[in-house]
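Engineer: following is a predicted model, sequence given first.
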Amino acid sequence: DGGITQSPKYLFRKEGQNVTLSCEQNLNHDAMYWYRQDPGQGLRLIYYSQIVNDFQKGDIAEGYSVSREKKESFPLTVTSAQKNPTAFYLCASTPGTGGYGYTFGSGTRLTVV
Amino acid sequence: GNSVTQMEGPVTLSEEAFLTINCTYTATGYPSLFWYVQYPGEGLQLLLKATKADDKGSNKGFEATYRKETTSFHLEKGSVQVSDSAVYFCALSDTTRGGGFKTIFGAGTRLFVKA
(Lines give C-alpha, C1' and ligand atoms only; values in the text may rest on other atoms or scores of the structure.)
Protein backbone atom coordinates (compact mmCIF):
# COMPACT_ATOMS: atom_id res chain seq x y z
CA ASP A 1 0.00 0.00 0.00
CA GLY A 2 1.15 3.52 -0.72
CA GLY A 3 1.79 5.94 2.08
CA ILE A 4 4.21 8.10 4.01
CA THR A 5 6.75 6.63 6.39
CA GLN A 6 8.27 8.73 9.12
CA SER A 7 11.14 7.51 11.24
CA PRO A 8 12.00 7.21 13.99
CA LYS A 9 8.73 7.32 15.92
CA TYR A 10 10.51 8.62 19.03
CA LEU A 11 13.75 10.62 19.06
CA PHE A 12 15.76 12.07 21.91
CA ARG A 13 18.17 14.92 21.38
CA LYS A 14 20.82 16.29 23.65
CA GLU A 15 21.40 20.00 23.94
CA GLY A 16 23.56 21.28 21.08
CA GLN A 17 22.95 18.29 18.79
CA ASN A 18 21.55 18.29 15.29
CA VAL A 19 19.08 15.52 14.52
CA THR A 20 17.46 14.46 11.26
CA LEU A 21 13.90 13.19 10.88
CA SER A 22 13.17 10.98 7.93
CA CYS A 23 10.12 11.23 5.65
CA GLU A 24 9.64 8.89 2.67
CA GLN A 25 6.59 8.57 0.42
CA ASN A 26 5.74 6.09 -2.32
CA LEU A 27 2.63 7.90 -3.53
CA ASN A 28 4.40 9.68 -6.40
CA HIS A 29 3.28 12.98 -4.88
CA ASP A 30 4.98 16.17 -6.05
CA ALA A 31 4.55 18.29 -2.94
CA MET A 32 5.79 17.51 0.57
CA TYR A 33 5.45 19.40 3.84
CA TRP A 34 6.77 19.46 7.40
CA TYR A 35 4.58 20.60 10.27
CA ARG A 36 5.22 21.01 13.96
CA GLN A 37 2.50 20.26 16.51
CA ASP A 38 2.76 21.29 20.16
CA PRO A 39 0.49 19.84 22.85
CA GLY A 40 -3.08 21.06 22.54
CA GLN A 41 -2.25 23.22 19.56
CA GLY A 42 -2.74 23.19 15.84
CA LEU A 43 -0.17 22.62 13.13
CA ARG A 44 2.48 25.13 12.14
CA LEU A 45 4.26 24.89 8.79
CA ILE A 46 8.05 24.58 8.91
CA TYR A 47 9.08 23.96 5.28
CA TYR A 48 7.47 22.76 2.09
CA SER A 49 8.62 21.58 -1.31
CA GLN A 50 6.56 21.53 -4.49
CA ILE A 51 9.19 19.94 -6.74
CA VAL A 52 12.53 18.19 -6.45
CA ASN A 53 15.50 20.44 -5.64
CA ASP A 54 13.25 23.27 -4.54
CA PHE A 55 11.78 24.14 -1.15
CA GLN A 56 10.28 27.13 0.63
CA LYS A 57 10.26 28.36 4.21
CA GLY A 58 7.05 28.10 6.12
CA ASP A 59 5.96 30.12 9.12
CA ILE A 60 8.50 28.77 11.64
CA ALA A 61 11.60 27.79 9.59
CA GLU A 62 14.22 29.21 11.96
CA GLY A 63 16.40 26.48 13.43
CA TYR A 64 15.35 23.91 10.82
CA SER A 65 16.72 22.82 7.45
CA VAL A 66 15.49 20.49 4.70
CA SER A 67 16.57 18.98 1.40
CA ARG A 68 14.63 17.52 -1.53
CA GLU A 69 17.10 15.58 -3.65
CA LYS A 70 14.60 12.86 -4.56
CA LYS A 71 10.88 13.02 -5.15
CA GLU A 72 10.26 10.35 -2.53
CA SER A 73 12.28 11.88 0.30
CA PHE A 74 12.05 15.09 2.32
CA PRO A 75 14.23 14.88 5.45
CA LEU A 76 14.06 17.54 8.16
CA THR A 77 17.09 18.51 10.26
CA VAL A 78 16.47 20.12 13.62
CA THR A 79 19.60 22.13 14.33
CA SER A 80 21.06 23.30 17.62
CA ALA A 81 19.78 26.77 16.71
CA GLN A 82 16.22 25.61 17.39
CA LYS A 83 15.85 26.54 21.04
CA ASN A 84 12.66 24.69 21.83
CA PRO A 85 12.55 21.61 19.60
CA THR A 86 10.47 19.32 21.81
CA ALA A 87 7.32 18.68 19.76
CA PHE A 88 5.49 16.24 17.51
CA TYR A 89 6.65 16.54 13.89
CA LEU A 90 4.39 15.58 11.00
CA CYS A 91 5.30 15.07 7.38
CA ALA A 92 2.64 15.28 4.68
CA SER A 93 2.36 15.06 0.93
CA THR A 94 -0.11 15.94 -1.80
CA PRO A 95 -0.22 15.27 -5.54
CA GLY A 96 0.08 18.97 -6.33
CA THR A 97 -1.86 22.15 -6.07
CA GLY A 98 -5.61 22.21 -5.77
CA GLY A 99 -8.12 20.50 -3.54
CA TYR A 100 -6.46 17.12 -3.07
CA GLY A 101 -5.96 17.10 0.66
CA TYR A 102 -2.88 15.89 2.48
CA THR A 103 -1.68 12.41 3.26
CA PHE A 104 0.15 12.45 6.60
CA GLY A 105 2.77 10.22 8.13
CA SER A 106 2.38 8.87 11.64
CA GLY A 107 4.73 11.46 13.12
CA THR A 108 7.99 11.67 15.06
CA ARG A 109 7.98 12.75 18.68
CA LEU A 110 11.20 14.65 19.45
CA THR A 111 12.26 15.25 23.04
CA VAL A 112 15.25 17.23 24.26
CA VAL A 113 17.02 15.55 27.19
CA GLY B 1 -4.74 36.80 5.02
CA ASN B 2 -6.44 33.45 5.09
CA SER B 3 -7.52 31.99 8.41
CA VAL B 4 -9.59 29.22 9.97
CA THR B 5 -11.48 29.44 13.25
CA GLN B 6 -13.07 26.43 14.87
CA MET B 7 -14.92 26.00 18.13
CA GLU B 8 -12.87 25.40 21.21
CA GLY B 9 -13.06 22.07 22.92
CA PRO B 10 -13.24 19.77 24.50
CA VAL B 11 -16.65 18.66 23.36
CA THR B 12 -18.08 15.86 25.49
CA LEU B 13 -21.06 13.85 24.23
CA SER B 14 -22.81 10.65 25.11
CA GLU B 15 -22.87 7.82 22.61
CA GLU B 16 -25.53 8.26 19.88
CA ALA B 17 -25.73 12.03 20.44
CA PHE B 18 -25.69 14.52 17.54
CA LEU B 19 -22.37 16.21 16.84
CA THR B 20 -21.68 19.66 15.44
CA ILE B 21 -18.22 21.22 15.36
CA ASN B 22 -18.27 24.74 14.00
CA CYS B 23 -15.70 26.02 11.54
CA THR B 24 -15.56 29.40 9.82
CA TYR B 25 -12.94 30.72 7.47
CA THR B 26 -11.55 33.87 5.92
CA ALA B 27 -10.15 33.69 2.41
CA THR B 28 -9.56 36.08 -0.44
CA GLY B 29 -9.92 33.53 -3.23
CA TYR B 30 -11.79 30.28 -3.73
CA PRO B 31 -10.33 27.82 -1.27
CA SER B 32 -10.88 24.12 -0.86
CA LEU B 33 -12.04 23.10 2.62
CA PHE B 34 -11.19 19.99 4.61
CA TRP B 35 -11.80 18.17 7.86
CA TYR B 36 -9.04 16.00 9.29
CA VAL B 37 -9.14 13.66 12.29
CA GLN B 38 -6.25 12.81 14.61
CA TYR B 39 -6.30 9.85 17.00
CA PRO B 40 -3.90 9.87 19.99
CA GLY B 41 -0.25 9.53 19.03
CA GLU B 42 -0.97 9.40 15.31
CA GLY B 43 -0.82 11.65 12.30
CA LEU B 44 -3.84 13.34 10.77
CA GLN B 45 -6.19 11.55 8.41
CA LEU B 46 -8.29 13.27 5.79
CA LEU B 47 -11.93 12.82 6.80
CA LEU B 48 -13.76 14.75 4.08
CA LYS B 49 -13.39 17.68 1.73
CA ALA B 50 -15.28 20.14 -0.47
CA THR B 51 -13.76 22.09 -3.30
CA LYS B 52 -16.46 24.59 -4.23
CA ALA B 53 -19.45 26.41 -2.78
CA ASP B 54 -22.48 24.27 -1.90
CA ASP B 55 -20.46 21.05 -2.17
CA LYS B 56 -21.12 18.54 0.61
CA GLY B 57 -18.28 16.32 1.75
CA SER B 58 -19.16 13.10 3.54
CA ASN B 59 -17.37 10.07 4.96
CA LYS B 60 -18.02 7.52 7.74
CA GLY B 61 -21.28 9.23 8.72
CA PHE B 62 -19.68 12.68 8.98
CA GLU B 63 -20.84 15.53 6.74
CA ALA B 64 -19.91 19.15 6.07
CA THR B 65 -21.29 21.64 3.53
CA TYR B 66 -19.23 24.43 1.98
CA ARG B 67 -21.27 27.59 2.70
CA LYS B 68 -19.75 30.57 0.91
CA GLU B 69 -22.46 32.98 2.09
CA THR B 70 -21.64 32.31 5.74
CA THR B 71 -17.99 31.31 5.14
CA SER B 72 -18.55 28.15 7.13
CA PHE B 73 -17.81 24.43 6.91
CA HIS B 74 -19.39 22.90 10.03
CA LEU B 75 -18.80 19.20 10.74
CA GLU B 76 -21.84 17.10 11.69
CA LYS B 77 -22.61 13.51 12.57
CA GLY B 78 -26.01 12.19 13.47
CA SER B 79 -24.97 9.58 16.03
CA VAL B 80 -21.49 9.52 17.51
CA GLN B 81 -19.69 6.45 18.80
CA VAL B 82 -16.98 6.04 21.43
CA SER B 83 -14.56 5.31 18.60
CA ASP B 84 -15.13 8.85 17.24
CA SER B 85 -13.22 10.29 20.21
CA ALA B 86 -10.33 12.20 18.63
CA VAL B 87 -9.18 15.70 17.69
CA TYR B 88 -10.82 17.22 14.61
CA PHE B 89 -9.12 19.88 12.50
CA CYS B 90 -10.77 22.16 9.98
CA ALA B 91 -8.44 23.29 7.19
CA LEU B 92 -8.37 25.58 4.18
CA SER B 93 -6.23 25.16 1.07
CA ASP B 94 -5.56 28.27 -0.94
CA THR B 95 -5.41 27.07 -4.52
CA THR B 96 -4.00 30.28 -5.90
CA ARG B 97 -0.39 31.02 -6.63
CA GLY B 98 -0.60 34.05 -4.36
CA GLY B 99 -1.56 31.78 -1.48
CA GLY B 100 1.50 29.65 -2.00
CA PHE B 101 -0.64 26.53 -2.37
CA LYS B 102 -0.45 26.09 1.39
CA THR B 103 -2.99 24.65 3.78
CA ILE B 104 -3.99 26.50 6.94
CA PHE B 105 -5.27 24.48 9.89
CA GLY B 106 -7.58 25.45 12.69
CA ALA B 107 -6.48 24.86 16.27
CA GLY B 108 -8.36 21.58 16.54
CA THR B 109 -11.37 20.50 18.60
CA ARG B 110 -11.08 17.55 20.93
CA LEU B 111 -14.13 15.28 21.08
CA PHE B 112 -14.81 12.87 23.94
CA VAL B 113 -17.65 10.39 23.53
CA LYS B 114 -18.86 8.59 26.66
CA ALA B 115 -20.41 5.14 26.56
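Structural biologist: Done, it's in. Numbers count the residues shown, from 1 in each chain, chains lettered A, B, ... in the order given.
Engineer: what's the local residue count around the closest residue to B:Gly43 other than its chain neighbours?
Structural biologist: In this structure, B:Gly43 finds its nearest non-sequential neighbour in A:Phe104, 3.6 Å apart by C-beta to C-beta, 6 or more residues apart in numbering or on different chains. For glycine as for every other residue, the C-beta is placed from the backbone atoms N, C-alpha and C. A:Phe104 has 23 neighbours, counted by other C-beta atoms under 10 Å in any protein chain shown.
Engineer: need phi/psi at B:Gly9.
Structural biologist: With angles defined as degrees, to the nearest 10, B:Gly9 sits at phi -110, psi -170.
Engineer: so who does it touch?
Structural biologist: Applying C-beta atoms under 8 Å, 6 or more residues apart in numbering or on different chains to B:Gly9 gives the contacts B:Val87, B:Gly108, B:Thr109, B:Arg110, B:Leu111.
Engineer: and those, which two are furthest apart?
Structural biologist: Taking every pair in the contacts of B:Gly9 and measuring C-beta to C-beta, the maximum separation is 10.0 Å, between B:Gly108 and B:Leu111.
Engineer: any shared contact partners between the two?
Structural biologist: B:Gly9, B:Val87, B:Tyr88.
Engineer: just to revisit the earlier point, ok, the residue nearest to B:Gly43 touching A:Leu90?
Structural biologist: Yes - contact criterion C-beta atoms under 8 Å: A:Phe104 and A:Leu90 qualify, at 5.6 Å.
Engineer: got the contact list for the nearest residue to B:Ser85 once chain neighbours are set aside?
Structural biologist: Spatial nearest neighbour of B:Ser85, excluding adjacent residues (C-beta to C-beta, 6+ apart): B:Val113 at 4.9 Å. Residues near B:Val113 by C-beta under 8 Å, 6+ apart: B:Thr12, B:Leu13, B:Ser14, B:Glu15, B:Ala17, B:Val80, B:Gln81, B:Val82, B:Ser83, B:Asp84, B:Ser85.
Engineer: so how many other residues sit close to the closest residue to the third one other than its chain neighbours?
Structural biologist: When you say that, I think you mean B:Ser14. Once flanking residues are discounted, B:Ser14 sits nearest to B:Lys114: 5.3 Å by C-beta to C-beta, 6+ apart. Around B:Lys114 there are 11 other residues, counting by other C-beta under 10 Å.
Engineer: and B:Lys114, how far is that from B:Val4?
Structural biologist: 28 Å (C-beta to C-beta, to the nearest Å).
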